[in-house]
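Trainee: Curious how this folds, go ahead:
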Amino acid sequence: MPRRDGTGPISSSGNGTGLGLGSGYRRGPGKNFANDLIEPKKKKELLQKQKELLERKLDDLNKQIMSQN
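Mentor: Purely as a prediction, here's the structure:
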């Protein structure tokens, strides 16, 4: 990689040499690509379920701490 940014070699010798031909494609569509595909209503439901799960884990941890005393 000539500029160490994942774009590949820039070539004037023909098409198809190097990923993106220096266009700056880098490492894919981005880290939030999957989050953009989730509908907001579904995302809220998933976050609510995750919150409930974490609250239960926290309760379990608090019980373990109390039993240690």
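
Trainee: In three-state terms, how would Ser67 be classified?
Mentor: At Ser67 the chain is in helix, as set by DSSP: H, G, I helix; E, B strand; the rest coil.

Trainee: domains of this structure?
Mentor: Domains of the chain are assigned by automatic domain parsing as 1-37, 39-69.

Trainee: Flag whichever of these has the least confidence on average.
Mentor: The minimum mean pLDDT among the domains of the chain belongs to domain 1-37 (a mean of 59).

Trainee: now Lys42: how far from Gln48?
Mentor: Distance from Lys42 to Gln48, counting by Cβ to Cβ, to the nearest Å: 11 Å. The C-beta positions use only the backbone N, C-alpha and C, and glycine is treated the same way.

Trainee: ugh, typo on my part, it should be Asp60
Mentor: Distance, Asp60 to Gln48, by Cβ to Cβ: 19 Å.

Trainee: Next: Gln68.
Mentor: Separation of Gln68 from Gln48 (Cβ to Cβ) stands at 31 Å.
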